[in-house]
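Colleague: Got a predicted model here, sequence first, then my questions.
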Amino acid sequence: MSKALYMHHTINLLLMIAFIIFQFLGTRSTTISIILLVLMLLNMIGFIRANSKNVKEKGVTIEDQQKFKHK
């Protein structure tokens, strides 16, 4: 996997853990939950945009580019 994909997954994992903890604690933190979910969506949208930009410029996805570099 590429660095961008590792960072994307790490950020999403941390945000999901924080979201689960806040939900488990049962606090009435609707605002915090909404903020965490919006951050996750923005992170996903950012990765999709970066990947599509790479496809437009180079004709391959970020993951495929990494595979071809190692061969």
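Modeller: Arrived safely.

Colleague: From the chain's centroid, how far away is stretch 25-44?
Modeller: Centre-to-centre, stretch 25-44 and its host chain are 14 Å apart (C-alpha atoms, centre = their mean, to the nearest Å).

Colleague: Can you tell me what sits against that stretch?
Modeller: For stretch 25-44, contacts defined as C-beta atoms under 8 Å, 6 or more residues apart in numbering pick out H8, I11, N12, L15, M16, A18, F19, F22, Q23. In this view, the C-beta of every residue, glycine as well, is placed from N, C-alpha and C.

Colleague: What residues does the first one make contact with?
Modeller: Just to be clear, that refers to H8. By C-beta under 8 Å, 6+ apart, the residues touching H8 are N43, M44, G46, F47.

Colleague: Of these, keep whichever come out buried.
Modeller: Buried subset of the contacts of H8 (neighbour count, 16 or more other C-beta atoms under 10 Å): N43, F47.

Colleague: Return the longest helix in this structure, judged by number of residues.
Modeller: In the chain, with assignment by DSSP state H, the single longest helix is helix 30-58.

Colleague: M44 and G26, how far apart?
Modeller: Using C-beta to C-beta, to the nearest Å, we find M44 at a distance of 27 Å from G26.

Colleague: swap in L42?
Modeller: 26 Å.

Colleague: the more surrounded of those two?
Modeller: With neighbours defined as other C-beta atoms under 10 Å, L42 and G26 compare such that L42 has more, 12 against 7.

Colleague: what's the weakest-modelled helix or strand in the chain?
Modeller: Least confident helix or strand of the chain, by mean pLDDT, DSSP states H and E, is helix 62-70 with a mean of 63.

Colleague: for the longest helix of the chain, which positions count as buried?
Modeller: L36, L39, M40, N43, F47, N51, N54.

Colleague: Per-residue pLDDT of the second one, please?
Modeller: Read that as L39. The model reports L39 with a pLDDT of 87.

Colleague: so how far is the longest helix of the chain from its chain's centroid?
Modeller: Relative to its parent chain, helix 30-58 has a centroid offset of 6 Å by C-alpha atoms, centre = their mean.
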